[in-house]
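Novice: sequence and predicted structure below; questions after.
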Amino acid sequence: MVDVNLGHVDQFAAGAIGEPGQRTFLVRVVVAGASYWMLLEKGQVHSLAERCLDLLRTNYPLPAEQPESELGIPDEVLFRVGQIAVGFGSDDYTFQFVPTDPEVAVIEFTATPSQVLAMSYQALESVGKGRRPCPRCGLPMDGETCVACPKENGHRRP
């Protein structure tokens, strides 16, 4: 069930604001000058971008240059995203963002392949700017140490 269909968007962006370890991951769509912000997890942003790139590679020739998309700073976030659905047609992609709260409206919109490509590149770049992973366990490191490394039984070695 779709509660709000925004139609074709003017801009579609995904990424993070804040410093690594303290970042907030967001999606922003702009329609007729109005911004709609949705809160996501880092893994959701990564999966969304990867899935969109897979669909784009399958259905459209990817341009050599990277289109740009700008995230900005949110004034108000509509909801935390629980699920994302992506559909594609001959000329555009349709997205549904389902909130974790069942009382909040589902948002649907349509974006062009160029807009989806720009969002995907921006999202992957943003996800890649996080804290570096621990070489032993893969968890994010705090500076030069992995504070709760399971390989070290949750303790740092001197």
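Specialist: Done, it's in. Residues are numbered from 1 along each chain as shown.
Novice: report pLDDT for the residue most central in space within the chain.
Specialist: Centroid-nearest residue in the chain: Val45, 2.6 Å away (criterion: C-alpha atoms, centre = their mean). Reported pLDDT at Val45 in the predicted model: 95.
Novice: three-state assignment of it?
Specialist: Using DSSP: H, G, I helix; E, B strand; the rest coil, the secondary structure recorded for Val45 is helix.
Novice: tell me who's in contact with it.
Specialist: Each residue near Val45 by C-beta atoms under 8 Å, 6 or more residues apart in numbering is listed here: Ala14, Gly15, Ala16, Phe25, Val27, Ala123, Ser126, Val127. C-beta coordinates here come from the backbone N, C-alpha and C atoms, glycine included.
Novice: what's the answer for Thr112, then?
Specialist: Contacts here follow C-beta under 8 Å, 6+ apart; on that basis Thr112 touches His8, Asp91, Asp92, Tyr93.
Novice: mind listing the helices for this structure?
Specialist: 42-59, 113-128 (DSSP state H).
Novice: just name the most buried of those helices.
Specialist: Highest mean neighbour count of the helices of the chain: helix 113-128, a mean of 21 (counted as mean count of other C-beta atoms under 10 Å).
Novice: among the contacts of Thr112, which ones are buried?
Specialist: By neighbour count, with 16 or more other C-beta atoms under 10 Å, the contacts of Thr112 hold Asp92, Tyr93 as buried.
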